[in-house]
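# how would this look folded up:
(chains A, B and C)
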Amino acid sequence: MDWNTSDLEGPRIDRRTSMKLLGSAGLAALAGCAGGSNSESGNEVVAGFNLDEIEFLDPHYVDKGQEITLQSNIYNGLTKIGPDGSIVGDLAEDWSIPDSTTYEFSLVEGATFHNGDPVNSEAVKASIERLMGLDDSPHLGKVDAIDSIDTPDETTLVINLESTVGPFISFMTRGPGRAGTIINASVAEESPDEFNRMPVGSGPFELVEREAGEYLQFEAHDDYHETDDEGNSLPQLDSFRVDLIPEPSTRWTALQGGEIDYTNEIPAQNAKQAENSNSINVVGANPGAWFCIAPLCNDPAEVDFQQYASGSETATDKWQNEDLPTTDPDVREAISKAIDREALVERAHFGYAEPAHSVFNPSIPALHEEEPDPGQYYDPEAAKSLLDGAGYTGDTRMELTLMGVPSDERRMTVIQEMLGEVGIAVELNVQQESSYWDTLYSYENELVMYDGYVDIDPWMSTWKQLKTPAEGSAGDWQANLYSNDEFNQLLEEDFKTADPEERVEIMKQAEEIFIEDTAWVMTTFPLIPKGSSTALSGVGNQAGLSNFHSAQLE
Amino acid sequence: MGAEYSRDESWFGIQSRALARFRETVSGDIKAKLGVSIVAGFVLAAIFAPELAPHDPMVQNFAIMQSPGANAHPFGTDSFGRDMLSRIMFGARISLGVSLGAVSIAALIGIPLGLGAGYFGGWVDDLLMRFVDITWAFPWLLVAIMLVAIFGQGVWNVIAAIAFAYIDDFARIVRGEVLSISEQEYVLAAKNIGVGDVNIMFKEVLPNAVGPIIVQFTVLIARAILAESTLSFLGVGVKPTTPTWGALLGQGRGLISQAWWISIIPGILIVITVLGINLFGDALRDSFDVRQGGDTL
Amino acid sequence: MGVARYTVKRTLQAIAVVYVVATVVFVAVRSVPGDPARLVLGGNADPDALAAVRQELGLNQPIYVQYYRWMSDLLRGDLGESIYTGEPVLARIIAAAEPTLSIALVGITVALLIAVPAGIIGATRRNQWEDYVGTTIAFLSISMPAFWFGIVLILLVANNVTAIPSYGYTPLAEGVVPWFTNIILPSIAVGLPYAGIITRMTRSSMLDVLNQEYMQTARAKGIPPRLALLKHGLQNALMPVVTVAGILFALLLGGIVAVEIVFGIQGFGRLLIRSIERQDFPIVQGSVILVSVIFVFMNLAVDLIYMNINPKIRYGGEN
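Residues are numbered from 1 along each chain as shown, chains lettered A, B, ... in the order given. As a prediction, this is how the structure comes out:
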């Protein structure tokens, strides 16, 4: 057979040539179906995603759940979240922690970027250093502590930290860890804007085409290094296309009608119907998310740390003249006891959620328990006596405002009713997403709907969001002015501890304080119903992702 | 050769003539009768909702959620188990209030603008009409979203945004009418006598323009109901528990295959009500003997 | 005042109107609570990262500085770049305009093809069953929210007819047939209320005309009714229809936004809404300016045409 030299050169060998090459080497069976990007061919998946537009695919900048989902298919991390939710190796076959500030990774061989560049220790080092050099990245805090990175040989990477950072290994996962997603740093540095739009990673799929607001076309990375348990080269699919369909009912109709094979989110209210269908599969995936109500614990005018969270030096003096019942821990506990979490799961999530009795969500297996003790549980009678004891009596004991965004509406409606049962009249204040944060930091609402996503390490929930705000990154996102010195100390201890078991002990103590103070009223851990046609199998849904690495289409 | 000032052209005269003609029109025409009865039904349901509604529209009952029409709940229940019939009746109340409020505010602002522009002419006309142009060119959807962004969802944002959208309607129609009326003899006569401008505007000119104004009023009420439903659908309308018909439409749209009544029944009622208002408006138009001119339906 | 002077005067005023609208939008989007930088980076971003982004976008400067820079760019024809994607605003809008224009044009065409004959039939067969049916359908169509009708169409048609997709947009470049089958449902949803209005207008306008003296004269002269109808009747009847149709174009755009969302089409309406929600100032400002330019100058054109028809309106009450 004759070959054109240019056909064989990088950055990519086209499909036909690849087929020929593999065929001539007797490896045709591994080449997969000879389909092109024609959606009629058997090995392309069409997915409908709950997204309006994808602007950025540069993982060092992105922090939004849906984009993280796509990135998980484009890139590798040093580590990743395995199918059972535990952290396993991705580009790193194995790793060890010789002392509490040194991490030694042993990298896989043969991994390549989409453009052909090899993924060796130099490349990984370049990627991490690139993140460290970005002033405006939201993930900077995760690599703050890195002192230096050594590359003794092609497949060994040593990261030296300035001080112990307990959660560090989780930061090195692709996707949810955010910081550990490995990019092709040289391409990114050459043309950062282009990289953002057409990224270069080492994952199983490469982005080959995109139409703003319409779709993204991914094709299999021919030289992807992973194989499945049976030794088949991954990915099995030739390509997949992501159509952007933000309107839930349209997505659902498209799935029902077979126009799409997969969607990363079915509205929970339709999931029930899907369960009874023969042509659609529904899986409730756990995205490491948690929902809660954050009660305002302190009058902003009386605490000076509010400025570190809100960013503004002056605070509202509304509460100087008005009663702020949520400063009383008994009131907060009463609110917590007034919420029937099991019922909330049924009524607001249509069954696609788990009740949240503590702050640790199910994707933190070391700390999550189904019935934690201590925990937050439904007890309306106790709630009422607590309110009586706090001095709030009568048919309507108090009037509170609950602030949220349109996607919280259903939960807000049910919660309003539940709080009404114990005599708390709630007024709903629904704000646009764009004004949510400003409104939150105005501290004018007693209660706000609050949530977090893809929190796979307790650090992510507690450090930035419950620690007392101070200069620096602690308590940066504190929504409700909670402050407890003992709690803060425990968090600081956890951060400096590398040993996972020790960390579990410390976090359990911290949680006792959290429950006693009712820093937040936890409500539910949502599950995302992911729908697919029955012909599609093998999509990985850990941590709420949609990984097409091992996906197959019949 | 002076024109004579006749009482017939005054406010009272016009109204009694119009009323008589209206009765005539309605008695002859099935469409008009239909229109009047639908509107009457809507208004009565709205006013007497608290007495007539079989259930509290806010009470949630998850045991019976999303059930189709049956004895206690003839129109079924929604996804919180709330009675659809009661929510629809209270929804009529709020939808009527919102549209009446919005259109009235638009009229209160738009009519004087058109009146002044048409009567005085010249630079006053230019200034006022360019101001009207600004309200017309500025997207009302943007106004709605900005109001919600500042104040959060709520009924008053919807009223304000829709009112903003209709100011130009009233202004242009009134101006057009005023331009032709101003040439009429009785106006010139009044000027001859020395009646002041304001008096002329409000006692001579405006009463004769009332016909198209009232017709436009009814037309815009129908459109306001539709506009409110669009705003609620986009998530920039009323609060989640408020049962406006538009909000009910939006809540049911993902459930059409499972619980079609949540969306379809309010949708049908919007259609019937708006239809009735339009027929009613048509009858009014006939009775006021209004020409199509440049106004919209 | 002569026609030419009047035209110039009105044109200058039109420009003034657009200028005021642009300025109001500029101030308005900056008065709404919310921080575009936070929306770019995601809710839980570091204050330093936020500050850096704000700096890059020029948002940390006093408002009059921002205004000056924006105005001077505008006068050079530069609408700026999107805060999100960095794409030039004009390019972004033009890309989004194709689907919206497709829906609007196909919608209006379908509407006119149905409405004008329906209106004529309604007029010529007044108060007979054809008239009633036509009028009822016309009324029904203007009483329905466009997006709701779109959802119903998806449910009834797209679900059952595989050739017609339920979402998305296929550019014309990929072939007329795929483009058409993808655009037909949203076009009907948007065009139907429009059709209703036009039917009614055509009907009543025809009725007026049919009663005119010159029609009766033509009949008396023995000219076959149909010929008379076509020559005199239609011409005069359609004039008010045409002028109103232009103004109603504005109405059409309102219904398009919700339909675009329901059908998952990334058109101009959806772009505007999402940009407002995400505080992408340059796109919002650019869009509003473009739309107001179109509206204001179309209105001006219609006014000038109308002025030629009806002398009373011509000089607007100047005595």
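# going by C-alpha atoms from here, please, whenever you check contacts or count neighbours.
OK.
# near chain B, which residues of the stretch 51-200 of chain C are found?
Applying C-alpha under 8 Å from any C-alpha of the partner chain, we find that the stretch 51-200 of chain C lies next to chain B at C:139-140, C:143-145, C:147-148, C:151, C:197.
# which of those sit farthest apart?
C:Ile151 and C:Ile197 (21.5 Å; C-alpha to C-alpha).
# roughly how far does C:Tyr64 sit from chain B?
Using C-alpha to the nearest C-alpha, to the nearest Å, C:Tyr64 is found at 21 Å from chain B.
# quick one: end-to-end distance for stretch A:433-449.
Start to finish, the residues bounding stretch A:433-449 are 12 Å apart (C-alpha to C-alpha, to the nearest Å).
# tell me the average confidence for that stretch?
Stretch A:433-449 carries an average pLDDT of 89.
# over to stretch A:79-97?
For stretch A:79-97, mean pLDDT rounds to 82.
# endpoints of that stretch, how far apart?
14 Å.
# follow-up on the earlier one: between the residues of the stretch 51-200 of chain C next to chain B, which is nearest chain A?
For these, the minimum distance to chain A (C-alpha to the nearest C-alpha) is 8.5 Å, reached by C:Ile151.
# quick check on the closest one: phi, psi?
phi -60, psi -40 (degrees, to the nearest 10).
# test my guess that it contacts C:Ile261.
No: the criterion here is C-alpha atoms under 8 Å, and C:Ile151 misses it with C:Ile261 at 10.6 Å.
# state the pLDDT value of A:Glu194.
82.
# what do you get for the one 3 residues further on?
On the pLDDT scale, A:Arg197 is placed at 80.
# element containing the residue positioned nearest the centre of chain B?
Chain B has B:Ile221 as the residue nearest its centroid, 1.7 Å off, counting by C-alpha atoms, centre = their mean. Here B:Ile221 sits within helix B:206-233, counting by DSSP states H and E.
# how about the closest residue to B:Val132 other than its chain neighbours, phi and psi?
Once flanking residues are discounted, B:Val132 sits nearest to B:Asp168: 5.5 Å by C-alpha to C-alpha, 6 or more residues apart in numbering or on different chains. B:Asp168 adopts backbone torsions of phi -70, psi -30, taken as degrees, to the nearest 10.
# B:Asp168 contacts B:Phe131, correct?
No: using C-alpha under 8 Å, B:Asp168 is not in contact with B:Phe131, being 9.2 Å away.
# neighbour-wise, which of these two wins?
Higher neighbour count among B:Asp168 and B:Phe131: B:Asp168, with 26 against 15, using other C-alpha atoms under 10 Å in any protein chain shown.
# identify all contacting residues around the strand or helix carrying C:Phe139.
Using DSSP H and E, the element containing C:Phe139 is helix C:129-142. Helix C:129-142 is contacted from outside by B:271-272, B:275, B:278, C:118-119, C:121-123, C:125, C:192-197, C:199-200, using C-alpha atoms under 8 Å, 6 or more residues apart in numbering or on different chains.
# would you put the C-alpha positions of it in PDB?
Extracted in PDB, the C-alpha atoms of helix C:129-142 (Å, rounded to 0.1, in the frame of the first residue of the first chain):
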ATOM      1  CA  TRP C 129     -70.800  30.700   6.900                       C
ATOM      2  CA  GLU C 130     -67.400  31.200   5.200                       C
ATOM      3  CA  ASP C 131     -67.200  34.600   6.900                       C
ATOM      4  CA  TYR C 132     -68.100  33.200  10.300                       C
ATOM      5  CA  VAL C 133     -65.600  30.400  10.000                       C
ATOM      6  CA  GLY C 134     -62.900  32.700   8.800                       C
ATOM      7  CA  THR C 135     -63.600  35.300  11.500                       C
ATOM      8  CA  THR C 136     -63.700  32.700  14.200                       C
ATOM      9  CA  ILE C 137     -60.300  31.300  13.200                       C
ATOM     10  CA  ALA C 138     -58.900  34.800  12.900                       C
ATOM     11  CA  PHE C 139     -60.100  35.700  16.400                       C
ATOM     12  CA  LEU C 140     -58.800  32.400  17.800                       C
ATOM     13  CA  SER C 141     -55.400  32.900  16.300                       C
ATOM     14  CA  ILE C 142     -54.900  36.300  17.900                       C
END
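# now that helix: average pLDDT?
78.
# ok now that helix, how far from the chain's centre?
Averaging C-alpha positions (C-alpha atoms, centre = their mean, to the nearest Å) puts helix C:129-142 24 Å from its chain's average.
# just stretch B:210-221 next, same as before
Centroid separation for stretch B:210-221 versus its chain: 8 Å, with C-alpha atoms, centre = their mean.
# and the helix of greatest length in chain A, what does it pack against?
Longest helix in chain A by number of residues, with DSSP state H as the criterion: helix A:500-517. On a contact count with 3 or more C-alpha pairs under 8 Å, 6 or more residues apart in numbering or on different chains; DSSP states H and E, helix A:500-517 meets helix A:329-337, helix A:485-495.
# nearest to A:Ala274, of those helices?
Closest of those to A:Ala274 is helix A:329-337, at 33.1 Å (criterion: C-alpha to C-alpha).
# what's the angle between that closest one and helix A:500-517?
Angle, helix A:329-337 to helix A:500-517, by axes from the mean of the first three to the mean of the last three C-alpha atoms, to 10 degrees: 110 degrees.
# now do the buried residues in the helix or strand that helix A:329-337 is followed by.
Next along the chain after helix A:329-337, taking DSSP H and E as the criterion, comes helix A:341-349. The neighbour-count check on helix A:341-349 (16 or more other C-alpha atoms under 10 Å in any protein chain shown) flags A:341-345, A:347-349 as buried.
# same thing with stretch A:108-124?
Counting neighbours by 16+ other C-alpha under 10 Å, stretch A:108-124 gives A:108, A:111-124 as buried.
# pLDDT averaged over it - what is it?
On average, stretch A:108-124 scores 88.
# please state the offset of that stretch from the chain centre?
Distance of stretch A:108-124 from its chain centroid, counting by C-alpha atoms, centre = their mean, is 26 Å.
# ends of that stretch, how far apart?
End-to-end distance for stretch A:108-124: 12 Å, by C-alpha to C-alpha.
# quick one: low-confidence parts of the stretch 1-150 of chain B?
B:1-15, B:18 (pLDDT under 70).
# nice, that's everything, thank you.
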